[in-house]
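J.: need a 3D model of the following:
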Amino acid sequence: MSLVKFVSTSITLCPNLSSNVIIAGYSLALWNESLSNIHPCGGNTYLRPDAGGALQPYPWTFLQILVHAPVCIVRLARFETTQIWSLCVAALNIGIAIQAYKSTGLSPAEVLVWTPVALILDAGAMLQIHILILEQLGDRNPLRRFVKLVAKPFRPFAMSVFESLMGARGTESREQGDRDGQTESQGEKNGQEMRYSAVSPMDVNDPERANSTITIVANATQTDTPLSRPPAEQPPTQTKHGERGLTTIASLALLMFLFILVIQIFGLAKAVQGTWVSNLNATWCSPDFQPGALAVIDGNCNVRHLNESSSSGIGCVWLPAFQQKAWLTNTIVILSISLVLQLVDLCVLSLSDGRDKIWHSKVKLQRPWLTTFAGMIILVVLANGGVNYANSLPDGITARVLVLRRDESLDVFPVCEGRLVSPGLRGAIIGYFDGLLNSWSTWYYGKNSLGA
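T.: Okay, here's the model as predicted:
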């Protein structure tokens, strides 16, 4: 049965539709004559989300995956080479999250824009940079002393867990490291004793021999003592300037981690509040819904009243916000798990050191493994969601609809049949950035401009 015949027999097939139904102040009976003369509204037209109704465009998410994957590998292996990059990326993502919070007002209907689930990746990076730099600086740094003071009561329990995870090889590796350190210390002690006994009593009677012996000992002492190295050979942390720079980086990493933590907790609270909203709706727009359109009737006998878009001036329809409800739940679950994983990584980074290894003593334990892997998985989920949403119509409406219009100039009530298609990448970009940059007002939309 065609949609036209389906609607024309709505009294028997759709009990909720009758001639007495009022649409925008007019009785549905006024369109009965036009139902026998349906014409197409035009070609296929997209139905796109209004401001704040789309996830971040999937090409941007794919780009994040392509950039983060190699950077994470390098950061886990040699974090020193990616410190500045990680700080810049974290600052950018924090700025985007704050902008999304401001523009959307954390409205439940715009959760697809402001959900902060991807920040776990930056949180793990900031923890790694902060704690490993403090360890590099040593106990003389006040921040490092504070971390050790807080972590000290938990160390015995944590180390027992680590040893059970690492197995015998990990324990042997630690013990071997301790023995190597003791051997090195004993060697240095023996070397000092040898230097002190290098001048024998017989050399006192031979001044030339004694002087040469003392010179050899002095040269050996200068060579073996780290403090005697020239400035060019000193490690970066041994200089005052290098230590100050590393302390600054560690402080910035801690500050950004705290920012991320506040954003996550605030977003979690708002997502929980959003689930309490009943009859949550989202706005979807199409060029077919203008001009003069008052309502649409889909193949499921649903009458959807039209309104004007808040951002672009085209006609829009209110639909049940199934996607938004799903992502409110996703946000609650993902953020809750993220906070737990961040806490676990914080404990691992604080209570372990560079000698603790896993997987047959080949991989360092002192890395943010959980937040890194979870962050990459979340990016893949976001990319998949972005692709699906951009290439499918929302639930609650069919692809073929009847658009009820009113032509005021002729005082007639025409009806046309519209064919709706998915929003595509363009519709997703409009929906996402209209929500993200809505607070920019005329800086984003321009003065007296209406888009489509």
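J.: quick one: which helix or strand includes residue 242?
T.: helix 240-274 (DSSP states H and E).
J.: what helices or strands is that helix leaning on?
T.: For helix 240-274, the packing partners by 3 or more CB pairs under 8 Å, 6 or more residues apart in numbering; DSSP states H and E come out as helix 83-104, helix 111-114, helix 120-137, helix 142-151, helix 322-351. Any C-beta I mention is one placed from the backbone N, CA and C, and that applies to glycine too.
J.: where does the prediction get shaky in the stretch 301-450 of the chain?
T.: For the stretch 301-450 of the chain, the stretches flagged by pLDDT under 70 are 309-313, 353-365, 410, 448-450.
J.: swap in 80 and give it another go.
T.: The stretch 301-450 of the chain contains residues with pLDDT under 80 at 308-313, 351-366, 408-411, 445-450.
J.: just the helices from it, written as ranges.
T.: For the stretch 301-450 of the chain, applying DSSP state H, counting those that start in this stretch gives helices covering 322-351, 369-390, 424-436, 442-445.
J.: report all helices and strands that the second one contacts.
T.: Helix 369-390 is packed against helix 58-77, helix 120-137, helix 322-351, helix 424-436, with contacts defined by 3+ CB pairs under 8 Å, 6+ apart.
J.: mean neighbour count, these: which tops it?
T.: helix 120-137 (a mean of 25; mean count of other CB atoms under 10 Å).
J.: just want the angle from it to helix 240-274.
T.: 150 degrees (axes from the mean of the first three to the mean of the last three CA atoms, to 10 degrees).
J.: so what's the spatially closest residue to residue 342 that is not a sequence neighbour up against?
T.: Of all residues not flanking residue 342 in the chain, residue 123 sits nearest, at 5.2 Å (CB to CB, 6 or more residues apart in numbering). Applying CB atoms under 8 Å, 6 or more residues apart in numbering, we find residue 123 in contact with 257, 260, 261, 264, 338, 342, 371.
J.: please repeat the previous calculation with a cut-off of 7 Å.
T.: Applying CB atoms under 7 Å, 6 or more residues apart in numbering to residue 123 gives the contacts 257, 260, 342, 371.
J.: can you list the domains in the protein?
T.: By the assignment in automatic domain parsing, the chain contains the domains 3-53+281-320+391-445, 78-275+324-389.
J.: how close does the closest residue to residue 322 other than its chain neighbours sit to residue 325?
T.: Spatial nearest neighbour of residue 322, excluding adjacent residues (CB to CB, 6+ apart): residue 395 at 4.6 Å. Residue 395 sits 10 Å away from residue 325, going by CB to CB, to the nearest Å.
J.: same check, this time on residue 433
T.: 23 Å.
J.: quick check: next helix or strand after the helix holding residue 242?
T.: Following helix 240-274 toward the C-terminus (DSSP H and E): strand 281-285.
J.: can you tell me what sits against that next one?
T.: 47-50, 53, 109, 309, 312, 314-321, 324, 394.
J.: and the helix or strand following that strand, average pLDDT?
T.: Past strand 281-285, further along toward the C-terminus, the next helix or strand under DSSP H and E is strand 293-298. For strand 293-298, mean pLDDT is 87.
J.: list the strands paired with strand 293-298, with their directions.
T.: Its sheet considered, strand 293-298 pairs with strand 303-308 (antiparallel), strand 400-405 (antiparallel) by DSSP bridges.
J.: what sits up against the last one?
T.: Meaning strand 400-405. Contacts for strand 400-405 (CB under 7 Å, 6+ apart): 3, 7, 23, 31, 41, 288-289, 292-299, 413-420.
J.: tell me who's in contact with the nearest residue to residue 315 once chain neighbours are set aside.
T.: Excluding the flanking residues, the one nearest residue 315 by CB to CB, 6+ apart is residue 289, at 2.7 Å. By CB under 7 Å, 6+ apart, the contact set of residue 289 is 306, 314, 315, 316, 317, 403.
J.: so where is the stretch 1-150 of the chain shaky, pLDDT-wise?
T.: By pLDDT under 80, the weakly predicted segments of the stretch 1-150 of the chain are 1-37, 76-81, 136-150.
J.: does residue 430 touch residue 48 like I think?
T.: Yes - counting by CB atoms under 7 Å, residue 430 touches residue 48, with 6.0 Å between them.
J.: follow-up on the earlier one: comparing the strands paired with strand 293-298, which comes out most buried?
T.: Mean neighbours per residue, mean count of other CB under 10 Å, is largest over those for strand 400-405, with a mean of 22.
J.: contact partners for residue 334?
T.: 117, 378.
J.: go on, residue 125?
T.: Contacts of residue 125 (CB under 7 Å, 6+ apart): 75, 86, 90.
J.: hmm, 8 Å instead?
T.: 75, 86, 89, 90, 253, 368.
J.: restricted to strands, list the contacts of strand 281-285.
T.: Using DSSP state E, the subset of these located in strands is 48, 49, 315, 316, 317, 318, 319, 320.
J.: so the third one is in contact with residue 292, correct?
T.: Spelled out, that is residue 315. No - Residue 315 is beyond contact range of residue 292, at 9.1 Å (criterion: CB atoms under 8 Å).
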